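Asker: Any chance you can model this:
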Amino acid sequence: MTWSRPVGWLLDHVVYRTSVTGRDNVPTGGPVIFAGNHISFLDGPVMFGASPRPMHILVKKEMFKGLLGRVLRASGQLPVDRSGDRAALLLGKNMLDAGRCIGILPEGTRGSGQATDINNGVAWLALNSGAPVVPVAILGTRTGNEHLDTVPRPGRRFHVSFGNALTLSRNPGETGRASMDRAGMEIRAALAGHVQETIQHSGQPLPHADFRTNFTAVAGTPADDH
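Answerer: Model (predicted):
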């Protein structure tokens, strides 16, 4: 993963112009789950390059093919089957238990980026690892009426903001399912609120419309693509 950190920085600050705020909100040690909104296939690598700490991002398994697949594996990213992949969650938990950081785009697929709905994989990881969740607002990687597959022209301005860390735990007497649903709602609210705050502070809006396609975001899986 060592070589991929400079590559992420170059993407953010040489290919594109990325301003970053809230780095001080990221715990300097121990496990952390980064949960970002998702509007473009660039969101994963942009979040990776902006983060003050290295992370393993959960990426849909279909991306792990050919040269791109070798690069993703070599950079420490984790493949996940979006139809339901307990093994990927367990691998992510093992990483967190070892004090490492995990990156997730819990909306499940590229869309409006408003975090109106997320899957509960991120909640499962938070409850079962005890790792704090840092909401990450990513803006500018897709704008206006651009198609989901649009590649932004070099030099475009991006903005990444790391919000306050959220720590979640199970309440006494609460069932596992109830805990996960509650934690999922708290994470969704924190991410959605942080995205809106970042829009106000940065002046950079989300895309105009929700261009969701027939990509299926399955509840309980944290998977997504870059």
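
Asker: Now do the strands in this protein.
Answerer: Assigned by DSSP state E, the chain shows strands spanning 17-21, 32-36, 56-60, 78-80, 101-104, 133-139, 157-162.

Asker: tilt between the third one and strand 32-36?
Answerer: Strand 56-60 runs at 40 degrees relative to strand 32-36, counting by axes from the mean of the first three to the mean of the last three C-alpha atoms, to 10 degrees.

Asker: Partner strands of strand 56-60 and their direction?
Answerer: For strand 56-60, the paired strands and their directions (DSSP bridges) read strand 78-80 (parallel), strand 101-104 (parallel).

Asker: So, low pLDDT: which residues of this structure?
Answerer: Counting by pLDDT under 70, the chain has low-confidence residues at 1-2, 209-226.

Asker: the longest helix in it is where?
Answerer: helix 176-202 (DSSP state H).

Asker: helices or strands next to that helix in the packing?
Answerer: strand 17-21, strand 32-36, helix 121-129, strand 133-139, strand 157-162 (3 or more C-beta pairs under 8 Å, 6 or more residues apart in numbering; DSSP states H and E). C-beta here means a position set from N, CA and C on the backbone, and glycine is covered the same way.

Asker: And those: which comes nearest Leu58?
Answerer: Taking C-beta to C-beta, helix 121-129 is the member of the helices and strands packed on helix 176-202 nearest to Leu58, at 7.8 Å.

Asker: Just put the helices and strands packed on helix 176-202 in CSV and tack on distance to Glu146 and mean neighbour count.
Answerer: Listed next are those as CSV, based on distance: least, C-beta to C-beta, whole Å; neighbours: other C-beta atoms under 10 Å:
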stretch, distance to Glu146, mean neighbour count
strand 17-21, 17, 17
strand 32-36, 18, 27
helix 121-129, 26, 24
strand 133-139, 13, 28
strand 157-162, 14, 23
